[in-house]
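>>> need the 3D shape of this:
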Amino acid sequence: MRPVARLFFIAALGLLGSGAQAASVPSYDIVIRNGRVIDGTGSPGYSADVAIKDGRIAAIGALGRVDARQVIDARGMVVTPGFIDMLDQSGHTLLVDGHAPSKIFQGVTTLFTGEGESVAPLNDTILKEEGGHTQPAWQTLDGYFRQLQGQGIAVNLGTYVGAATAREMVIGYGDRKPTPGELKQMQAIVADAMRDGAFGVSTALQYPPATYSTTPELIALAQTAASYGGIYATHMRSEGDAEMAALDEVFEIARTAHVPVEIFHLKVAGHRNWGSMPKVIAKIDAARAEGLDIRADTYAYTAWGNDLASFIPPWAHAGGTADLLARLKDPQTRARIEQDMRTPSGAWSNDWLEVPGPHAVEITSVQDPSLKALEGRRLEDVARSWHEAPIDALLDLLIRDHAATDVAVFGMSQPDVTLALRQPWVSICDDAAAQAPTGPLGQGHPHPRAYAAFSRIITEYVRKDHALTLAEAIHKMTALPAQRMGLTQRGVIRKGMWADIAVFDPAQLRAPATFEEPKQLAQGMDYVLVNGVPVIAKGKMTPALPGKVLRGPGFREGGHPSSQRTAVP
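Below is the predicted model:
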């Protein structure tokens with residue numbers, strides 16, 4: 001070959017090689033560069049790039065030259081899985097505003113809702129009690145899921161089916177046991193919901209009509225959920241004076257129904273019980289050593305949130321809200337209610353005797369517009385302004401607000417809260433609906449956990465108190481809850497997983513929401529991605545609604561079992 005021809009040939013080979021190399025450069029939707037990956041497993045972290053394509057994590061490592069539509073520089077920041085809220089209350093609010101600002105600004109990307117009562121299924125008995133003026137577009141859980149996905153959501157959402165919901169649909173709001181036939185109907189409701197995609201059955205046993213449920217009834221419903229691979233999640237019958245007996249009931253249900261258990265918002269309630277958390281933990285550890293699959297979650301505040309009506313003994317709730325109000329208005333029955341509230345009893349969880357006093361009860365939201373000025377005030381202050389004894393102010397407020405008042409109750413000790421948080425089987429929740437500082441979701445004076453529970457874990461318990469390492473905290477908010485809920489493709493930064501990701505500087509994270517000024521969004525999340533799409537970008541909310549409805553292990557689509565416990569687009 002002539003020298004000149006050889007030069008052209010070599011040059012041509014070089015061009016071809018360059019083109020072949022260019023063609024082999026990977027192409028991604030997003031590449032997150034230069035971050036410290038804390039992957040959710042508990043590992044302290046490592047430096048790596050993370051590439052995302054088609055909603056999933058496509059590559060991790062020193063990626064070098066790649067083609068990407070968007071590059072996020074995470075230098076000086078951590079890259080973690082999106083946080084998972086183990087007890088959410090957003091079943092209805094996501095239909096009002098699917099962006100869920102209070103959640104995503106904390107890095108929360110997945111919610112599990114349905115504490116005791118679930119947004120579906122529904123029937124006329126429930127609709128009448130709730131007093132709604134519009135007919136929902138669904139009756140089944142599947143119908144609700146389709147409605148929600150059709151409207152669009154910024155977060156992923158899964159739900160339990162409420163045991164109380166099944167009870168209400170079959171026997172209403174009365175204080176009685178179901179007949180054998182009625183119990184079978186309740187089991188059928190749970191079974192239908194599990195096939196629609198519920199992750200298990202849940203209870204909230206301090207609230208009527210759930211309070212009227214017997215242990216055998218709960219075992220039957222838990223067995224049904226377990227037969228579809230579901231779990232039993234519970235707000236126990238007592239978190240105060242009778243907590244040890246309540247734990248025994250939890251263990252009996254787990255043992256007899258052969259079902260994993262999640263204890264909602266583990267706490268020791270009531271000033272007389274402060275310091276008892278070591279006994280509670282020892283009892284749970286013993287059950288776990290026996291082989292029972294018991295775990296729990298916490299929002300790590302010393303105040304819980306509740307209905308003011310929960311201060312009323314269970315018998316007075318029988319029949320529903322209208323009957324409760326009638327009893328409160330009847331002088332003789334009201335006197336009996338007040339006497340029961342003042343009398344120690346192991347038969348029910350008596351919040352009136354467990355709280356330190358009326359100064360420990362803050363009004364967080366009211367339904368009656370004429371009472372809006374009470375929001376953010378303490379019961380002690382309301383009683384003083386009404387020239388009443390605090391117990392009378394409580395009862396009168398229930399009457400005036402149609403038993404719809406919510407409160408925050410300062411009834412826990414910080415050492416108990418911290419000790420619960422540190423347990424390796426405890427994950428994180430906020431026990432709150434999605435909120436926004438303004439607009440339709442900005443009503444009321446909420447518990448600050450709605451805006452700050454997850455961010456506060458890092459600002460208070462990692463940075464300030466050193467109760468957890470950052471890797472431990474991330475694990476409790478990601479892989480640990482994902483494992484409990486069977487989310488095999490979420491909760492960890494790993495190739496092939498759905499790209500639910502938070503990018504932030506832990507030193508810059510802020511949780512400004514307080515009991516005095518709760519409606520303040522968390523600060524410091526630079527990017528939050530849900531299924532590979534930013535819902536927070538450069539610290540600002542985007543208009544994207546990439547969230548998915550999550551279906552549980554018993555989901556049947558077209559009559560066939562779902563292959564895995566992951567999202568169904």
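
>>> C-alpha only now, for contacts and for neighbours.
Fine.

>>> so what's Thr478 up against?
Taking Cα atoms under 8 Å, 6 or more residues apart in numbering, we find Thr478 in contact with 40, 81-84, 491-492.

>>> scratch that, Ala522
102, 105-106, 451-452, 455, 509-513 are the contacts of Ala522 under Cα under 8 Å, 6+ apart.

>>> quick one: the residue nearest to it when sequence neighbours are not counted from His475, how far?
Nearest non-adjacent residue to Ala522, counting by Cα to Cα, 6 or more residues apart in numbering: Ala511, 4.8 Å away. Separation of Ala511 from His475 (Cα to Cα, to the nearest Å) stands at 20 Å.

>>> between these two, who's got more neighbours?
Higher neighbour count among Ala511 and His475: His475, with 27 against 24, using other Cα atoms under 10 Å.

>>> then the more buried one would be within a helix, right?
Yes. The assignment for His475 by DSSP: H, G, I helix; E, B strand; the rest coil puts it in a helix.

>>> verify the stated contact: it with Pro44.
No. Under the criterion of Cα atoms under 8 Å, His475 is not in contact with Pro44, lying 10.1 Å apart.

>>> any chance of the backbone angles for Arg336?
phi -70, psi -40 (degrees, to the nearest 10).

>>> actually, Arg463.
phi -70, psi -50.

>>> which pLDDT does the model give it?
Turning to Arg463, the model gives it a pLDDT of 98.

>>> pull up the gap between it and Asp85, please.
21 Å.

>>> which one of these two has more residues nearby?
Set Arg463 next to Asp85 and count neighbours by other Cα under 10 Å: Asp85 wins out with 29 against 17.

>>> give the contact list for the more buried one.
108, 110-112, 428-430, 477.

>>> that one - that's part of a helix, no?
No. If the criterion is three-state DSSP, then Asp85 is strand and not within a helix.

>>> name whatever forms a beta bridge with Val79.
Beta-bridge pairing for Val79 (DSSP bridges): Val37, Val503.

>>> and it, how many neighbours?
30.

>>> what of the one 10 residues further on?
The number of residues packed near Gln89 is 22, by other Cα under 10 Å.

>>> re earlier: so of the contacts of Asp85, which ones are in strands?
108, 110-112, 428 (DSSP state E).

>>> out of these, who's nearest Ser349?
Ile428 (24.1 Å; Cα to Cα).

>>> where does the closest one land on pLDDT?
With respect to pLDDT, Ile428 has a value of 98.

>>> that one contacts Asp297, correct?
Yes. Here Ile428 lies in contact with Asp297, judged by Cα under 8 Å, at a distance of 5.1 Å.

>>> identify the contacts common to those two.
Met86.

>>> circling back to that earlier point, which of the contacts of Ala522 tops the neighbour count?
Counting by other Cα under 10 Å, top hit in these: Tyr451 with 32 neighbours.

>>> from Ile153, how far off is that residue?
From Tyr451 to Ile153 the distance is 18 Å (Cα to Cα).

>>> Tyr301 too?
28 Å.

>>> farthest pair in the contacts of Ala522?
Longest span within the contacts of Ala522, Cα to Cα: Ser102 and Leu509, 14.4 Å.

>>> which stretches in the stretch 151-300 of the chain count as strands?
156-159, 161-162, 200-204, 231-235, 261-263, 294-298 (DSSP state E, counting those that start in this stretch).

>>> again, but for the stretch 451-569 of the chain
501-504, 525-530, 533-537, 540-541, 556-557, 560-561.

>>> just the residues contacting stretch 397-406, thanks.
Under Cα under 8 Å, 6+ apart, the answer for stretch 397-406 is 305-309, 321, 325, 328-329, 363-368, 371.

>>> list only buried entries from those residues.
305-309, 321, 325, 328, 363-367 (16 or more other Cα atoms under 10 Å).

>>> can you tell me which of those are in strands?
305-307, 363-365.

>>> would you reformat the residues you listed as CSV and include pLDDT and distance to Ile189?
Formatted as CSV, those follow (pLDDT from 0 to 100; distance: Cα to Cα, whole Å):
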residue, pLDDT, distance to Ile189
Gly305, 94, 29
Asn306, 92, 27
Asp307, 93, 27
Ile363, 97, 36
Thr364, 94, 34
Ser365, 92, 32
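
>>> about what we covered before: let me know the closest of the contacts of Thr478 to Gly346.
Ile84 (35.1 Å).

>>> ok, the closest one to Pro356 distance?
On the measure of Cα to Cα, Ile84 and Pro356 end up 32 Å apart.

>>> higher neighbour count, those two?
Using other Cα under 10 Å as the criterion, Ile84 and Pro356 rank with Ile84 on top: 31 against 17.

>>> looks like that one contacts Val108 (just checking).
Yes. With contact defined as Cα under 8 Å, Ile84 reaches Val108; the gap is 5.8 Å.

>>> show me the contacts for Thr302.
410-414, 417 are the contacts of Thr302 under Cα under 8 Å, 6+ apart.

>>> ok, it to Val155 distance?
Distance from Thr302 to Val155, by Cα to Cα: 28 Å.

>>> over to Leu529?
Taking Cα to Cα, one finds Leu529 at 9 Å from Val155.

>>> overlap in contacts of those two?
Thr109.

>>> contacts for stretch 87-104?
By Cα under 8 Å, 6+ apart, the list of residues contacting stretch 87-104 reads 109, 111-115, 118-119, 148, 151-155, 264, 429-436, 440-441, 450-452, 521-522, 528, 535-536, 541, 543, 545.

>>> next, the distance between the ends of it.
Termini of stretch 87-104 sit 15 Å apart (Cα to Cα).

>>> one more: stretch 75-95?
37 Å.
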